[in-house]
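1. this is a predicted model, with the sequence first.
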Amino acid sequence: MEKILMEDFTKFKFLSSLEYAPKGKNACFTVYEADMEENGYKSNLWLYNDDDNTYFQLTSGDKERSFIWLNDEEILFSGERNPKDQEKNNSGEINTKFYKINIKGGEAQELFKIPHHVTSIKALKDGNYIFSAVYNPYKKSLEGLSKEEREEELKNRKEDKDYEVMEEIPFWSNGAGYTNRVRSRLYKYDVKEGTAVPITTETMSVEAFQLNKNKSKVVFNATDYTNKMDFYNHVYIGDLETNSLNKITDEEARHTAPHFISDEEIILLINDMKDYGLNQNSKFYIMNTKSKESRCITPDFDNSVGSSVGSDCRYGPPKAIRFFNDKLYFLTTNGGSSFINTLDLDGNIEKLTKDNGSIDSFAVNDHKILIIGLRGQDLQEVYRLSGNEEIKITAFNKDSLKDKYIATPQHVGVDTEKGVGIDGWVLLPKDYDEKKSYPAILDIHGGPKTVYGEVYYHEMQYWANEGYFVFFCNPRGSDGKGNAFADIRGKYGTIDYEDIMKFTDVVLEKYPSIDKGRIGVTGGSYGGFMTNWIIGHTDRFKAAASQRCISNWTTMFSTSDIGYFFAMDQIGGDPWKDHDKLWWHSPLKYIENVKTPTLFIHSEEDYRCWWVEAIQMFTALKFHNVQARMCMFRGENHELSRSGKPKHRIRRLKEITEWFDKYLKNKE
């Protein structure tokens, strides 16, 4: 068996955005692959025919990813097929071009151009469209301007790149950059007139929208704010014929995924945050849009909706909920896997899939369901659900890891206090010989409300191929086991740390081939926080690699795009009234205890955990004469390890591996 190489992920195909045609004969999806020359990702649309189980590439522009079905034969997609379009966008002239292509053949035709950065679009019954787009009040619309006025506005936009104005919080957002007064706004687009009329106000930011059956109304959840964005939001109904807008929720709660049941009823998820805060699992409600009365139809439901199964081998946006024929289809995370379920209007839930792994996208039409998923140690493929059996359709990645050593995750269960069960796994090193001694790496997931599972994880498999034991677990705070298990508010660094250390003890006992003097620890985001916490509370790890970390809750509070409400909720206070509480949970407080050589990996544009968190730890370790190194990536954000530029992802993995090799393989 050959070794998995660091750069092997650049040969993988990543699948997403699976959508059936209206009558369900065909389905379209997006395929991404790394482009090493451009240091980015190519993307094209592919078509699946349900009648003969064939699939083929539909577009070849390498920049097509967002699409909708116009009818059973035509697809609308956005793209930049003309190099001049990219030049205009780079000069500040923002446009989104849309093309139409017939699945039976022929070239794509340019259909229309919208002078906005469109993020989502849906067709209306009259041949026009409704769309959401990035709205910036500092950028004057180019529509209707004379040539001189247009040139003046573009000149102003170019000059404004040297400045950022902050008037509200959050003033930046991970993956979106500086966002002061920037909103996701909803518009109606008239194709004949070429005009876009806003539906929502300048202060309202739309999160998701759905149309009713005859496409005369739109329902969406949005936050409407000035000065400070709160975590709660509201649901609105827009009448597209009268251009009226009506807010139908009043309570301070988190509303998500509203869908029309009829013109007078919607189904949605609500998190009232009363018992478990921000991370509380939502419940399903049916609401009357006129009386605004709502009733919970799943009072005993205690699962998170969506897939939180971690992997570094997917790309593209997920979709967790669909409404079809009076049933809601949705994903839940249970244990270390995600599954498709249905919910009828009486609140009855039925689990449709049984295989473990991760479902990353799915499409529903009549009694047919397609899945994009990670199964076992296979990379993403499309599957057709037959009963509750999955039939693999595609073979995009069948040769990606051919003849390579892929370690099978070995489950290790740990019982902690009060009978709480912790699930974890171990990967054996390549050419494992139980008579030999091996170094090991403990990998800690982010979140904290996410999970590890038994799916392919490239960095872990690479380390196993480089001669390491790799072990990982889902401590308390993780997803998949209900609210009580996930609730570690005010307890960061206590019960979660205890769970991880006990899991480590069990792994070392069960696998005596691991050299206890050559163990490293790493993790990102919450895993970075926990890595920082661990090195301040134990010397059992010989090296550490802290990624996109949190080191100081008092600074995270005021610099992160989510800090002011996340720290309040998860730690339990603010820096003025509860400084001692935030400082007690800050790894930086315990820096004088640290002896572990530590590498810090961070991105310059990570506004979720700004790189000042790594700077503080790095500076403190250097001040106390502890070996430390920091590698900062320009042009990257919090998603570096999952969707960063291919060359940057290789450099990141190289930095971490060489750091561990230095301290765990070179015996002193």
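-> Perfect, thanks for sending it. Note that the coordinates shown come from a computational prediction; the quantities given were computed from them, not determined experimentally. Numbers count the residues shown, from 1 in each chain.

2. any regions of the stretch 251-400 of the chain where pLDDT drops low?
-> Across the stretch 251-400 of the chain, nothing is flagged by pLDDT under 70.

3. that one: strands as residue ranges?
-> 254-262, 265-271, 283-288, 294-296, 321-324, 327-334, 337-343, 349-351, 358-365, 368-374, 381-386, 389-392 (DSSP state E, counting those that start in this stretch).

4. again with the stretch 1-150 of the chain
-> Counting by DSSP E, counting those that start in this stretch, the stretch 1-150 of the chain has strands at residues 13-20, 26-35, 40-49, 54-57, 67-69, 74-79, 96-102, 109-114, 117-123, 129-135.

5. among these, which comes closest to residue 7?
-> Closest approach to residue 7 among the strands of the stretch 1-150 of the chain (CB to CB): strand 26-35, 9.0 Å. (C-beta placed from N, C-alpha, C; glycine too.)

6. using PDB, write out every CA atom in that closest one.
-> Once non-C-alpha atoms are left out, strand 26-35 reads as follows in PDB (Å, rounded to 0.1, in the frame of the first residue of the first chain):
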ATOM      1  CA  ASN A  26     -33.000  14.900 -13.800                       C
ATOM      2  CA  ALA A  27     -31.000  16.400 -11.100                       C
ATOM      3  CA  CYS A  28     -28.200  19.000 -11.200                       C
ATOM      4  CA  PHE A  29     -25.200  19.400  -8.900                       C
ATOM      5  CA  THR A  30     -21.900  21.200  -8.600                       C
ATOM      6  CA  VAL A  31     -18.500  19.600  -8.800                       C
ATOM      7  CA  TYR A  32     -15.400  21.400  -7.400                       C
ATOM      8  CA  GLU A  33     -11.800  20.600  -7.800                       C
ATOM      9  CA  ALA A  34      -8.500  22.300  -6.900                       C
ATOM     10  CA  ASP A  35      -6.900  24.500  -9.500                       C
END
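
7. just the buried residues of it, please?
-> 26-34 (16 or more other CB atoms under 10 Å).

8. what about that strand, average pLDDT?
-> Averaged across strand 26-35, the pLDDT comes to 98.

9. check which helices and strands that strand sits against.
-> strand 13-20, strand 40-49, strand 67-69 (3 or more CB pairs under 8 Å, 6 or more residues apart in numbering; DSSP states H and E).

10. before we move on, the earlier item: now distance to residue 385 too, for the strands of the stretch 1-150 of the chain, in a markdown table please.
-> Converted to a markdown table, those look like this (distance: least, CB to CB, whole Å):
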| stretch | distance to residue 385 |
| --- | --- |
| strand 13-20 | 12 |
| strand 26-35 | 13 |
| strand 40-49 | 13 |
| strand 54-57 | 16 |
| strand 67-69 | 20 |
| strand 74-79 | 23 |
| strand 96-102 | 27 |
| strand 109-114 | 34 |
| strand 117-123 | 26 |
| strand 129-135 | 30 |
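
11. from residue 153, how far off is residue 509?
-> According to CB to CB, to the nearest Å, residue 509 stands 68 Å off from residue 153.

12. now swap in residue 77 and tell me
-> According to CB to CB, residue 77 and residue 153 sit 29 Å apart.

13. more crowded one of those two?
-> With other CB atoms under 10 Å as the criterion, residue 77 and residue 153 differ in neighbour count, and residue 77 comes out ahead with 25 against 17.

14. quick check, that one in contact with residue 101.
-> Yes - using CB atoms under 8 Å, residue 77 is in contact with residue 101, at 7.0 Å.

15. now for the two: what residues contact both?
-> Listed contacts common to residue 77 and residue 101 are 59, 108; contacts here mean CB atoms under 8 Å, 6 or more residues apart in numbering.

16. so which strand or helix has residue 151?
-> Per DSSP states H and E: residue 151 is located in helix 147-160.

17. buried set for stretch 479-491?
-> Residues of stretch 479-491 classed as buried: 479-481, 485-489, 491 (neighbour count, 16+ other CB under 10 Å).

18. residue 136 reaches residue 184, doesn't it?
-> No - shown here, residue 136 and residue 184 do not form a contact pair, counting by CB under 8 Å, at 11.0 Å.

19. these two: who's more crowded?
-> Neighbours per residue, other CB under 10 Å: of residue 136 and residue 184, the larger number sits with residue 184, 22 against 19.

20. which strand residues bridge the more buried one?
-> Note on residue 184: beta-bridge partners by DSSP bridges are residue 134.

21. quick check: it touching residue 132?
-> Yes - counting by CB under 8 Å, residue 184 touches residue 132, with 5.3 Å between them.

22. where in the protein is pLDDT low?
-> Across the chain, the ranges flagged by pLDDT under 70 are 84-92, 667-668.

23. would you list every one of the helices in it?
-> Shown for the chain, the helices assigned by DSSP state H span residues 83-90, 147-160, 458-465, 482-486, 495-510, 526-535, 553-559, 563-570, 579-584, 612-623, 640-643, 646-660.

24. got the domain boundaries for this structure?
-> Using automatic domain parsing, the domain ranges for the chain come out as 137-181, 410-551+586-665.

25. tally of neighbours for residue 205?
-> Residue 205 has 20 nearby residues by other CB under 10 Å.

26. for the residue lying closest to it once chain neighbours are set aside, what are its contacts?
-> Among residues not flanking residue 205 along the chain, residue 183 sits closest, at 4.3 Å (CB to CB, 6 or more residues apart in numbering). Counting by CB under 8 Å, 6+ apart, residue 183 touches 134-135, 200, 202-206.

27. residue 183 and residue 137, how far apart?
-> Noted for residue 183: a distance of 8 Å to residue 137, by CB to CB.

28. sorry, back to before: most neighbours out of the contacts of residue 183, which is it?
-> Ranked by neighbour count (other CB under 10 Å), the contacts of residue 183 have residue 206 at the top, with 25 neighbours.

29. partners of that one in the sheet?
-> Here residue 206 sits in beta bridges with residue 222, going by DSSP bridges.

30. I'd say residue 219 and residue 260 touch.
-> Yes - with contact defined as CB under 8 Å, residue 219 counts as touching residue 260 (5.9 Å).

31. overlap in contacts, these two.
-> 210-212, 266.

32. of these, which belong to strands?
-> Cross-referencing the shared contacts of residue 219 and residue 260 against strands under DSSP state E gives 210-211, 266.

33. so which of these wins on neighbours?
-> Most neighbours among these, by other CB under 10 Å: residue 266, with 24 neighbours.

34. wait, that residue sits on residue 256?
-> No - the criterion here is CB under 8 Å, and residue 266 misses it with residue 256 at 11.9 Å.

35. what about the residue sitting furthest away from the middle of the chain, distance to residue 159?
-> The centre of the chain is farthest from one residue, residue 148, which by CA atoms, centre = their mean lies 42.5 Å away. Counting by CB to CB, the gap from residue 148 to residue 159 is 17 Å.

36. swap in residue 37?
-> On the measure of CB to CB, residue 37 and residue 159 end up 33 Å apart.

37. how about residue 384?
-> 54 Å.

38. of these two, which one has the most company?
-> residue 384 (17 against 9).

39. wait, the more buried one sits on residue 373?
-> No - using CB under 8 Å, residue 384 is not in contact with residue 373, being 11.4 Å away.
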